[in-house]
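Q: 3D, please:
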Amino acid sequence: MFEPEERAALDILRDELGLLRAIQVGAQVQIRRALGEPFDDLDEPTSHDEALSRQQIGPAIVLYRILRRRMTRDEALEVVERVVIEGAVVFLSNTMGRLRRRELLSMGDQERSQFVRSKGEKFFNATLRWEEISEDEVYFTVTHCRFPALCEAVGVPELAPLFCKGDFEFFGGVESDVRLERPHTIAEGADTCPFHIYLTESTDE
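A: Below you'll find the model as predicted:
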């Protein structure tokens, strides 16, 4: 049984490559992941969070390597971007859940802070510094992200920005009553990723 992220990836590969090639590529990804790619030349993870980070982005890196044998760099990046964004949306939907302004309004300051911070703990790839938590706004700064460093370590730094794009698809897309502002990212070369999440009244409540 495939995980939800894997099913989403296979659907995209089928659209891009056709059913037969999608199955072939999917099988290659699974085989190469079982053999330790793409982090087999690195030291063992130093923490559980780093292990989870490798598990999260490893399949996309292997997929990119496979596709680069079949198509141009830009074509491979385009396909992997679709896979990464869809996978991020599925992951965030399943692990984060909704941020509803009405729910935050019903909480006291301490309860609201604990509730939001508990969601932030699910960002295992990142170190967060909390700036503001209110009924209208959640603002935190990512001071360290494992994804760019891992991409750099295995020779595919061009993939790092792709893992940031799913955030905008989720906050403001899937969560239509939420707006995300993030002027720059570590993956783009900045020192931090400032996340400003603004909440409005939900239209479906």
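
Q: need the three-state assignment for residue 97.
A: Of the three states, residue 97 takes coil under DSSP: H, G, I helix; E, B strand; the rest coil.

Q: ok, it - contacts?
A: Residue 97 makes contacts with residue 119, as judged by CB atoms under 8 Å, 6 or more residues apart in numbering. Any C-beta I mention is one placed from the backbone N, CA and C, and that applies to glycine too.

Q: buried residues in the helix or strand bottoming out on mean pLDDT in the chain?
A: In the chain, no helix or strand scores lower on mean pLDDT, DSSP states H and E than helix 101-105, which sits at a mean of 82. The neighbour-count check on helix 101-105 (16 or more other CB atoms under 10 Å) flags 101, 104 as buried.

Q: so which elements touch the following helix or strand past it?
A: The helix or strand immediately downstream of helix 101-105 is helix 109-120, counting by DSSP states H and E. Packing partners of helix 109-120 (3 or more CB pairs under 8 Å, 6 or more residues apart in numbering; DSSP states H and E): helix 101-105, strand 126-133.

Q: that older thread, mind saving the C-alpha coords of the least confident helix or strand of the chain as CSV?
A: What follows is helix 101-105, C-alpha atoms only, in CSV (Å, rounded to 0.1, in the frame of the first residue of the first chain):
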residue,chain,number,x,y,z
ARG,A,101,-9.1,32.1,13.5
ARG,A,102,-12.4,31.3,15.2
GLU,A,103,-10.7,28.5,17.1
LEU,A,104,-7.8,30.7,18.2
LEU,A,105,-10.2,33.4,19.3
